[in-house]
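Participant: Here is my input, please return the structure:
(one chain, ligands or ions: 1)
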Amino acid sequence: MTTYKITHTSSITAASSFWTKQASRIDWVRPFEQVCDFSKPPFAKWFVGGETNLCYNAIDRHLATRPNQAALVWISSETEQTRTFTYRQLWEEVNCFAAVLKSLGIGKGDRVLIYMPMVPEAVFAMLATVRIGAIHSVVFGGFAAASLAARIDDAKPRVMIVADAGSRAGKIIPLKPLTDEAISLAQHPPKHVVIINRHLDASMQTLPGRDMDYAALAPRHEGEIVACEWVDSSHPSYILYTSGTTGKPKGVQRDTGGYAVALAASMPNIYATQPGEAFFCTSDIGWVVGHSYIVYGPLINGSTTIMYEGLPIRPDPGIWWKLVEQYKVVAMFSSPTAVRVLKKQDTSYLTKYDTSTLRYLYLAGEPLDQPTSDWIENGVGVKVIDNYWQTETGWPILSAQPGIEDTPRKLGSPSFPVYGYNVKLKHDETGAAVGPDEKGVLCIVPPLPPGCMSTIWGDDERFVKTYFGMFKDEQVYTTFDWATRDADGYYYIMGRTDDVINVAGHRLGTREIEEAIQAHKNIAEVAVVGVADALKGQVPVAFAVVKDTSLVATPALIAVHEKEVMATVDHELGAIGRPARVHFVTALPKTRSGKLLRRAIQALCESRDPGDLTTIEDPSALEQVRNAVA
Ligand code: AMP
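Facilitator: Numbers count the residues shown, from 1 in each chain. Take a look at the predicted model:
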């Protein structure tokens, strides 16, 4: 058996000793008594009885050994700034932020909603929150007011931390007006809004009493030391919302001890990164990848984390490689879409800088196609590793694990299950195991390993029903992804089993986009499907039935109406959910029992055969779709 196989097998068959060993990678103030309590399946509690703190493991414990090493380097090509924080300086900033939060009455278990662009203060806010035992919920800065309001109402934060604005390609994106609108829509508004004023938006309005300027609060707390709040291993560290098949996003709840151990182990084992080395993750703190591999993973490991605000092509398409050279980055984490963006640029930038320190480039979040993988691997001369995981798991499910063994990679495959994950491919109806090269639903036999979601925030029942209810005879976690496994044990992801789509590595529910479109007063009914796209992997395309057909009577009117519907999505959900096209039809193709024929619509959009249509209610509705896309 290879080292990988031995490690994986022991992580499943001797899970207690395996995870006890991994747990020694972090600091515990009180040792755990039991590795895993799985007495109430499918709920798993890891490192029971143990007490720790995420911020302590990310910063304080490194103060003795690496106080003057850069912990966080922030580079913004938007504002042309670079700021470096050593572990000592990061500790000071986080203590100050924690003192501000405490002065506002925030304590253990309170929620802090962070709606910020990619600035260091967002990281301070996250770390300060967990330092005092509070729970953060970071909402991606690209989400619009209504989406933000829904998250406010679910998490019920006592305080929100926001910036005046973000910046994209030099264009100021105000965030404060969206915050104000979201709070006015919310049933459970926060008491305070702490503003990090970057002075990008001079027109920013504030509400005295509720809104507070961090620059005014911080000097009162400079130099204060806030002791870490020791919490139970299972104490929630954060809530991160993700899309599913309903319009209501799910709050993925993460624990503290299990998450810290999972990340601490992943840095050497999967990312082959040692303490003191630089790690560069190009994601955004609003996504799970940003939580795990911009903030917590590299810091827990004692790495230098590189945080970048800006586009990969500004000021020129060499910016990322320049940073790799400058900071001697050893491992980089990005997405296939970002690489496809670079592919359209001047290729000479790939070799302009010395990237010889870079050992691996990890790409995740969406399927990695072979041309993209080959192009970047050969262009930069770096090994590409496909990573497959989900917001729910918090760290990779499938990946090559070069820190354990440098197994041969097969293009198009994220290799094997990561240690701790007991992965099974099951027939979607019977639940039977599928054979080599046969398509099955990718499932994980519980308990889910440390670091994975504990539950859905405030809704244990939804957690059990959504993730563990697929098969009646066996309670397994389903990822809702199709996959195959070849005779050598390599896995291949084949797409979602549900109505979730993946746009540029971002997961969106078609239902969520449909609800946003329905906010337009002239829309009676709408279907959104994900359609293959050369750059973004998939894009949403909408088919809408209008109430007043006179508004779409001519091509000119149709164009205006289409733009209006797109603007409605921008307003309700955010531009990330904006459909690439909105086609107006008089009926949607449905079965006789009223079920939308999404697969058939999607097939027509991708010029494929729509398949079995014997149950269709009105064939002319499908003809309209065919004509619209033609
Ligand atoms: P998210 O929770 O937003 O990270 O989205 C997770 C989903 O993205 C998965 O369920 C997959 O559908 C897709 N995904 C993530 N990584 C990969 C990958 N390496 N290959 C194929 N699909 C992926």
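
Participant: What are the buried residues along stretch 74-85?
Facilitator: Trp74, Ile75, Ser76, Ser77, Glu78, Phe85 (16 or more other CB atoms under 10 Å). All C-beta spots, glycine's among them, are computed from the backbone N, C-alpha and C.

Participant: Of those, which belong to strands?
Facilitator: Among the buried residues of stretch 74-85, the members found in strands (DSSP state E) are Trp74, Ile75, Ser76, Phe85.

Participant: bridging residues for the second one?
Facilitator: Ile75 has these beta-bridge partners by DSSP bridges: Thr82, Tyr308.

Participant: Does it touch Arg314 like I think?
Facilitator: No - Ile75 is beyond contact range of Arg314, at 11.8 Å (criterion: CB atoms under 8 Å).

Participant: Tell me, how many residues neighbour whichever residue of the stretch 201-350 of the chain sits closest to the ligand?
Facilitator: The stretch 201-350 of the chain approaches the ligand most closely through Thr242 (5.3 Å), counting by CB to the nearest ligand atom. Thr242: 19 surrounding residues under other CB atoms under 10 Å.

Participant: In a markdown table: the buried residues of stretch 74-85, plus distance to Pro555 and pLDDT.
Facilitator: Below are these laid out as a markdown table (distance: CB to CB, whole Å; pLDDT from 0 to 100):
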| residue | distance to Pro555 | pLDDT |
| --- | --- | --- |
| Trp74 | 48 | 98 |
| Ile75 | 46 | 98 |
| Ser76 | 43 | 98 |
| Ser77 | 40 | 98 |
| Glu78 | 38 | 98 |
| Phe85 | 55 | 99 |
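
Participant: got these as a markdown table, with distance to the ligand columns?
Facilitator: As requested, the buried residues of stretch 74-85 are exported to a markdown table (distance: CB to the nearest ligand atom, whole Å):
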| residue | distance to the ligand |
| --- | --- |
| Trp74 | 24 |
| Ile75 | 24 |
| Ser76 | 25 |
| Ser77 | 25 |
| Glu78 | 24 |
| Phe85 | 28 |
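
Participant: picking that back up, skip the chain neighbours and tell me the closest residue to the residue of the stretch 201-350 of the chain closest to the ligand.
Facilitator: In this structure, Thr242 finds its nearest non-sequential neighbour in Thr391, 4.0 Å apart by CB to CB, 6 or more residues apart in numbering.

Participant: That neighbour: neighbour count?
Facilitator: Quick note: Thr391 (other CB under 10 Å) scores 19 neighbours.

Participant: Which pLDDT value goes with it?
Facilitator: Looking at Thr391, its pLDDT is 97.

Participant: who in the protein is up against the ligand?
Facilitator: Residues of the chain lying close to the ligand (CB under 6 Å from any ligand atom) are 242, 288, 364-368, 386-391, 414, 479, 481, 493, 496, 502, 507.

Participant: Show me the residues you listed that map onto helices.
Facilitator: Val288 (DSSP state H).

Participant: Mind checking which of the residues of the chain next to the ligand land in strands?
Facilitator: Thr242, Ala364, Asp386, Asn387, Thr479, Asp481, Ile493, Arg496, Asn502, Arg507.

Participant: Mind telling me the two of those farthest from one another?
Facilitator: Using CB to CB, these reach their maximum pairwise distance at Thr242 and Asp386, which is 20.7 Å.

Participant: so what's the residue of the stretch 201-350 of the chain closest to the ligand bridging to?
Facilitator: Lys250.

Participant: Let me know whether it touches Thr393 as I believe.
Facilitator: No - using CB under 8 Å, Thr242 is not in contact with Thr393, being 11.0 Å away.

Participant: residues near the closest residue to the ligand within the stretch 51-200 of the chain, how many?
Facilitator: Nearest residue of the stretch 51-200 of the chain to the ligand, counting by CB to the nearest ligand atom: Phe140, 10.4 Å away. Neighbour count of Phe140, defined by other CB under 10 Å: 21.

Participant: Grab the nearest non-local neighbour of it.
Facilitator: Gly286 (2.8 Å).

Participant: Contacts only, for the one you found.
Facilitator: Applying CB atoms under 8 Å, 6 or more residues apart in numbering to Gly286 gives the contacts Val138, Val139, Phe140, Gly141, Gly142, Phe143.

Participant: If we use 7 Å, what do you get?
Facilitator: Val138, Val139, Phe140, Gly141 (CB atoms under 7 Å, 6 or more residues apart in numbering).

Participant: What about the residues you listed, which one has the most neighbours?
Facilitator: Val138 (28 neighbours).

Participant: mind checking how far it is from Gly574?
Facilitator: Per CB to CB, to the nearest Å, Val138 is found 15 Å from Gly574.

Participant: got it, and Ala186?
Facilitator: 16 Å.

Participant: Could you do Arg359 as well?
Facilitator: 35 Å.

Participant: These two: which is more packed in?
Facilitator: Neighbour totals were compared for Arg359 and Gly574, and Gly574 leads with 21 against 17 (other CB under 10 Å).

Participant: Okay, now the unreliable bits of the protein?
Facilitator: 1 (pLDDT under 70).

Participant: on that earlier part again, and of the ones in strands among the residues of the chain next to the ligand, the nearest to Asp37?
Facilitator: Closest to Asp37 out of these is Thr479 (23.7 Å), distances taken as CB to CB.
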